[in-house]
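Novice: how would this look folded up:
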Amino acid sequence: MAASFASCTLEVTIISGEYLRPGRRGPLKKNAVVNVWTIHPNSRATTVDSPGGSWPTWNEKLVLHMPAGAKSLAVEVHYRTRSGNRPVGSVRVPSSDFSCGYLPEDYLHFLSYRLRDAGGEPHGIINLSVTKKAVVPEVTVRVLKHHARRRGRAPAEENVRGAGVIGVPAWRVSR
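Specialist: Have a look, this model is predicted:
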């Protein structure tokens, strides 16, 4: 079952690749790059790992917006040639793998996936980490501003926007 959540910000760290092999030509020699996106206009790419060969390392953090209802995160590995980018493999990371309801919002998920080409053949492994950052809904911001005005204080925009409200329920205990 796919997890459903409000829109959020994802911090995706592309860590490394293993056994990268473009087609049947043997191991990748150099110039690997990773593209990540949730929807096509919202894509990010790593820098080119020139010396990495079939075991590239990037350790690059990419920040993406994940719209509400998005079911997956797409990851594609390419290598650069003089004539353009050539695909190595891709994977779709289900949103349920990093947005479990019982874990805190800023939980760091380390994930590894097998890269496959369009025909389904394996072409290596991609290692990444994903952190889902909490987003304060605009309704919450408006409610906080309204309560601040009722108490005679001007709302502090920088304190309200982007900060979550944490409440701990308190029960009256009778003795």
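Novice: quick one: the helices in this protein?
Specialist: 138-150, 157-160 (DSSP state H).
Novice: least confident of those helices, on average?
Specialist: Here the lowest mean pLDDT among the helices of the chain goes to helix 157-160, at a mean of 44.
Novice: can you get me a residue count around the nearest residue to Ser43 once chain neighbours are set aside?
Specialist: Using C-beta to C-beta, 6 or more residues apart in numbering and skipping the chain neighbours, the partner closest in space to Ser43 is Trp37 (3.5 Å). Backbone N, C-alpha and C define where each C-beta goes, glycine included. Neighbourhood size, Trp37 [other C-beta atoms under 10 Å]: 17.
Novice: am I right that Trp37 is in contact with Arg44?
Specialist: Yes. Look at Trp37 against Arg44 with C-beta atoms under 8 Å: they come within range, at 7.1 Å.
Novice: what sits in contact with each of those two?
Specialist: When contacts are counted by C-beta atoms under 8 Å, 6 or more residues apart in numbering, Trp37 and Arg44 have Leu64 as shared neighbours.
Novice: picking that back up, any idea what the residue nearest to Ser43 is bridged to?
Specialist: Beta-bridge partners recorded for Trp37 (DSSP bridges): Ser43, Ala74.
Novice: ok, it to Arg82 distance?
Specialist: From Trp37 across to Arg82, the span is 25 Å (C-beta to C-beta, to the nearest Å).
Novice: where does pLDDT dip in the protein?
Specialist: 1-5, 40, 101, 135-175 (pLDDT under 70).
Novice: how does it look with 80?
Specialist: 1-6, 23-25, 39-41, 99-103, 105, 134-175 (pLDDT under 80).
Novice: tell me how many other residues surround Val63.
Specialist: 11.
Novice: great, nothing more from me.
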